[in-house]
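>>> Dropping the sequence and predicted coords here.
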Amino acid sequence: MSDPYGDIDFDEITENTGLAPDEIKCLKVCFDLFDTKKVEFLSADDLGEIMRAMGFRPTEEELADLLHEVDEDGSGEIEFGEFCQLCATFLVEDPPLEEMKKELKDAFRIYDTEGQGFITTETLRGLIGE
């Protein structure tokens with residue numbers, strides 16, 4: 001049996017999209033499921049249906065903008081690399097945990113004006129009310 005990922009240039013796609021190899025493989029499986037005619041591209045007309053099937057909810061305007069962005073050759077057809085670029089715009093990575101902790105601590109210090117290591121419930125209520 002041949003390698004289903006053999007034709008994929010992982011390095012190029014990762015460089016263009018920031019997607020990890022496992023994410024690219026997952027997208028290839030999705031792409032192949034939608035490429036029912038096995039023509040190695042997807043119709044632009046099917047874009048909305050494809051994105052909704054993958055759990056995304058773009059508006060028609062967003063779909064048109066996305067297609068214009070990713071259809072580099074203007075063919076009106078979405079090749080696999082273009083499909084990865086399109087999906088990557090929806091696959092936003094969470095910030096690293098340590099970075100989030102640091103930002104939360106920095107924000108906390110702003111309200112811990114006396115440096116006691118805590119804020120009062122009154123201060124917290126005020127923040128929540130904002």
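Perfect, I can see it now.
>>> A53 and D106, how far apart?
Per C-beta to C-beta, to the nearest Å, A53 is found 41 Å from D106. C-beta here means a position set from N, CA and C on the backbone, and glycine is covered the same way.
>>> More neighbours: which of those two?
Shown here are A53 and D106; by other C-beta atoms under 10 Å, A53 has more neighbours (12 against 9).
>>> For that one, give me the pLDDT.
At A53, the model reports a pLDDT of 75.
>>> Spit out the contact partners of it.
If you count contacts by C-beta atoms under 8 Å, 6 or more residues apart in numbering, A53 has them with F34.
>>> In which helix or strand does the residue most central in space within the chain reside?
The residue lying closest to the centre of the chain (C-alpha atoms, centre = their mean) is L91, at 1.3 Å. Using DSSP states H and E, L91 maps to neither a helix nor a strand.
>>> Same question for G6.
Assigned by DSSP H and E, G6 falls outside every helix and strand.
>>> Quick check on it: phi, psi?
Note on G6: its backbone torsions stand at phi -60, psi -30 [degrees, to the nearest 10].
>>> All the strands of this structure, residue numbers only.
Secondary structure of the chain (DSSP state E): strands located at 41-43, 77-79.
>>> Tell me which of these sits nearest to P58.
In terms of C-beta to C-beta, the element of those nearest to P58 is strand 77-79, at 13.9 Å.
>>> can you pull the contacts of the residue sitting furthest away from the middle of the chain?
Distance from the centre of the chain peaks at E114, with 41.0 Å (C-alpha atoms, centre = their mean). Contacts for E114 (C-beta under 8 Å, 6+ apart) come out as none.
>>> Tell me, what's the model's pLDDT at Q116?
Reported pLDDT for Q116: 83.
>>> That one and F108, how far apart?
Using C-beta to C-beta, Q116 is found at 11 Å from F108.
>>> who's more crowded, those two?
With neighbours defined as other C-beta under 10 Å, Q116 and F108 compare such that F108 has more, 12 against 8.
>>> List the residues that contact the residue nearest to G18 when sequence neighbours are not counted.
Distance criterion C-beta to C-beta, 6 or more residues apart in numbering; nearest residue to G18, sequence neighbours excluded, is A88 at 6.3 Å. A88 sits next to T17, G18, L19 when contact means C-beta under 8 Å, 6+ apart.
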